[in-house]
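Asks: Need coordinates for the following:
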Amino acid sequence: MSDQYGGAAPTPAPKKVTVPDLVAMKRDGKRITMMTAYDAAFARLVAEAGIDVILVGDSLGMVVLGYPTTVPVTMDDMVRHAAAVSRGATRPLLIGDMPFGSYQASPSDALRNAARFLKEAGMDAIKVEGGAEVVETVRTLTANGIAVMAHVGLTPQRVAQLGGFKVQAKTARAARRLIDDAVALEEAGAFSIVLESVPAPVAALATERLAIPTIGIGAGVDCDGQVLVLHDVLGLYGEFKPKFAKRYADIGAAVTSALRDFDREVREGSFPTDEHSFTMKESELLSLQRSLAQQKAS
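Replies: Below is the predicted model:
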């Protein structure tokens, strides 16, 4: 294809993924892909892979910042990393994860913090964890123009209360409560709901009942989409691997191998070689050597 002057027409930029696009994907039976990212470099790679949604998850507390849980992560942490992600990727829908303590105090507190994701970090939407207890918060955020992804099931910010990273909604009563919460969150204006670590049949029933898309993580194949933590997918979080995660590459092992090669070559003096070094004109080098020699003589 060429333009009117005979040259090749520029390739149009990929269409930005929007909130209505995700809802339409559910309606049309198209699967949704979502992946976490925490910096510009990986955000660019995730976008180039064609992933629909990037979640700047508070999981960064564990996989990037080294905390034992997500609880210590602050709004400043999240905004800083979300801004980096938005500089690295534009096509995917970008979602900032509201950290613990940023939305529980009041809907107005949540609104103030959520606005930071849009104003300071370039996010398109935010995500909050919880069921019935956050319905009014979701209603307030959406009424004020902030798109909200909800998150039920295993909610990592409550891991101490839940007694660890355990599968949720395993009884009929608990499963019914989860589905009722999901419906209430949809009615409050959430555009999508993450279902984490719940039995696959429960996730299937929730997905069938909701008009908005469900994104599963450890919730079976019947969700409208799937999300994983980037570091689990690439083997960058040590030997730990959740049951629901698939390791598509072992980049961590490759990184360790490369760094061991660097360590060995530096110690034995084989790096850097002339290929990796800079030089100068011979006349300038001789002039420098003469100058140093004269200084030493005096």
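
Asks: helices and strands of this protein: which one bottoms out on pLDDT?
Replies: Least confident helix or strand, the chain: helix 159-162 with a mean of 62, by mean pLDDT, DSSP states H and E.

Asks: and the helix or strand that that one is followed by, what does it pack onto?
Replies: Next along the chain after helix 159-162, taking DSSP states H and E as the criterion, comes helix 172-187. Secondary-structure packing of helix 172-187 (3 or more C-beta pairs under 8 Å, 6 or more residues apart in numbering; DSSP states H and E): helix 135-143, strand 148-153, strand 192-196, helix 200-209. For glycine as for every other residue, the C-beta is placed from the backbone atoms N, C-alpha and C.

Asks: if we go to 6 Å?
Replies: strand 148-153, helix 200-209 (3 or more C-beta pairs under 6 Å, 6 or more residues apart in numbering; DSSP states H and E).

Asks: which one of the ones you listed lies closest to Thr279?
Replies: With C-beta to C-beta as the criterion, Thr279 lies closest to strand 148-153 of the helices and strands packed on helix 172-187, at 55.2 Å.

Asks: ok, the closest one: who's next to it in the sheet?
Replies: strand 125-129 (parallel), strand 192-196 (parallel) (DSSP bridges).

Asks: List just the one of these that sits closest to Lys30.
Replies: Nearest to Lys30, of the strands paired with strand 148-153 and by C-beta to C-beta, is strand 192-196 at 13.7 Å.

Asks: wait, what's in contact with the nearest residue to His81 once chain neighbours are set aside?
Replies: Distance criterion C-beta to C-beta, 6 or more residues apart in numbering; nearest residue to His81, sequence neighbours excluded, is Tyr38 at 4.8 Å. With contact set as C-beta atoms under 6 Å, 6 or more residues apart in numbering, Tyr38 has these partners: Leu60, Val64, His81.

Asks: from the residues you listed, which is closest to Val135?
Replies: Nearest member of the contacts of Tyr38 to Val135, counting by C-beta to C-beta, is Leu60, at 26.6 Å.

Asks: Spit out the contact partners of that closest one.
Replies: Tyr38, His81.

Asks: how far away is it from Asp39?
Replies: From Leu60 over to Asp39 the distance is 9 Å, taken as C-beta to C-beta, to the nearest Å.

Asks: before we move on, what about Asp181?
Replies: Taken as C-beta to C-beta, the span from Asp181 to Asp39 is 33 Å.

Asks: The two: who's more crowded?
Replies: Set side by side, Asp181 and Asp39 show more neighbours around Asp181, with 22 against 16, by other C-beta atoms under 10 Å.

Asks: Now do the more buried one against Glu187, distance only.
Replies: 11 Å.

Asks: contacting residues for the most centrally placed residue in the chain?
Replies: Taking C-alpha atoms, centre = their mean, the centroid of the chain lies closest to Thr36, which sits 2.1 Å from it. Contacts for Thr36 (C-beta under 6 Å, 6+ apart) come out as Leu55, Gly57, Ser59, Val229, Leu230.

Asks: What of Pro14?
Replies: Listed by C-beta under 6 Å, 6+ apart, the contact set of Pro14 reads Arg91.

Asks: Now do the SS call for it.
Replies: At Pro14 the chain is in coil, as set by DSSP: H, G, I helix; E, B strand; the rest coil.

Asks: swap in the one 3 residues further on?
Replies: Applying three-state DSSP to Val17 yields a three-state assignment of coil.

Asks: List the contacts of it.
Replies: Asp52, Pro92, Leu93.

Asks: Which residue ranges of this protein form helices?
Replies: Using DSSP state H, the helices found in the chain span residues 19-27, 40-48, 60-63, 75-88, 107-121, 135-143, 159-162, 172-187, 200-209, 230-234, 251-268, 282-297.

Asks: between those helices, which gets the lowest average pLDDT?
Replies: Mean pLDDT is lowest for helix 159-162 out of the helices of the chain, coming in at a mean of 62.

Asks: so how far is Glu48 from Asp76?
Replies: 29 Å.

Asks: neighbouring contacts of stretch 88-97?
Replies: Outside stretch 88-97, the residues touching it (C-beta under 6 Å, 6+ apart) are 14, 16-17, 40, 43-44, 47, 51, 53-58, 82, 86, 117, 123-127, 149.
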